[in-house]
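[1] Sequence unavailable; structure follows:
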């Protein structure tokens, strides 16, 4: 329970919102001499901002004991119907929008590699370099799951395998996750991960994180990139390049996404009118707000109110 609360606090920063979660499904699989896999799927009724997050729990090898590694993920997902015409497999292959019974979910996935399996990976090698290059002490580190990891997680949740084939499938997918996670702990990892050499400096990454914080604090008051760069004392070009490298999108697109999510919450949860929300979000023209809202959500604000 403690582990669940820890990662949920990272994925859903506002504690009151996490209280909306309802456990809809859970599963656990133990692959002998390899790994333990667990899944908990939560659903919710009202719009909920979920930030994908991962945790790496590492226990280095000790005398007589192999290293222990646990990967924990909390990602936004979808729970689908079980109708023959819209199976999990069909939806997971790219036809998600065709599923009329699709329900947004928060998926908690844990993969714990058994020490015996970690030891088997060491055979024939002189060193075990997944995480030992970074630390010889136990640690718990938070990372942002990369696109490849999230794709793997989706296949682990939506598949049709049973019995031995299920074990084989989960083992192969778990190894992919282990590989992608270890990549983020490589020497010179930051440069490899972000593709920006200047992001190897913690100070520069913190400036970009501060910029993101400023955006989130004033969603109702758009700020120019020039002013944002001044506030965090960073070159405009570096800020734009670094922001996209760290968050996978441009400053403007990120701001608009968060802005429309907040607007969605005000409309759906607070029951405010379209004109009230448009004004609160800094729009002087309702039609401009409606256009931006539909571009992000696929619905006009008035259509959301009718649901």
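    Cool, got the structure. Note that this is a predicted model, so its numbers are computed, not measured. Numbering: from 1, shown residues only.
[2] Any idea which helix or strand in the chain has the lowest mean pLDDT?
    In the chain, the helix or strand scored least confidently by mean pLDDT, DSSP states H and E is helix 88-90, which has a mean of 46.
[3] helices or strands next to the helix or strand just after it in the packing?
    Counting by DSSP states H and E, the next helix or strand C-terminal to helix 88-90 is strand 103-113. With contacts defined as 3 or more Cβ pairs under 8 Å, 6 or more residues apart in numbering; DSSP states H and E, strand 103-113 has these neighbours: helix 2-11, strand 35-43, strand 68-79, helix 147-157, helix 163-183. Where you see a C-beta, it was placed from the backbone N, CA and C, and this is true even at glycine.
[4] Would you convert those into a markdown table that also reports mean neighbour count and mean pLDDT?
    Converted to a markdown table, the helices and strands packed on strand 103-113 look like this (neighbours: other Cβ atoms under 10 Å; pLDDT from 0 to 100):
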| stretch | mean neighbour count | mean pLDDT |
| --- | --- | --- |
| helix 2-11 | 15 | 76 |
| strand 35-43 | 20 | 92 |
| strand 68-79 | 21 | 85 |
| helix 147-157 | 17 | 89 |
| helix 163-183 | 16 | 90 |
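[5] Nearest to residue 284, out of these?
    Smallest distance to residue 284 across the helices and strands packed on strand 103-113 (Cβ to Cβ): 32.2 Å, for strand 68-79.
[6] tell me the angle the closest one makes with strand 35-43.
    Here strand 68-79 runs at an angle of 30 degrees relative to strand 35-43 (axes from the mean of the first three to the mean of the last three Cα atoms, to 10 degrees).
[7] For residue 173, see how far away the residue nearest the centre of the chain is.
    With distances taken as Cα atoms, centre = their mean, residue 52 lies nearest the centre of the chain, 1.4 Å away. Using Cβ to Cβ, to the nearest Å, residue 52 is found at 17 Å from residue 173.
[8] where along the stretch 151-300 of the chain do the helices fall?
    Assigned by DSSP state H, counting those that start in this stretch, the helices in the stretch 151-300 of the chain fall at 163-183, 189-194, 202-217, 225-231, 236-247, 251-268, 274-280, 286-297.
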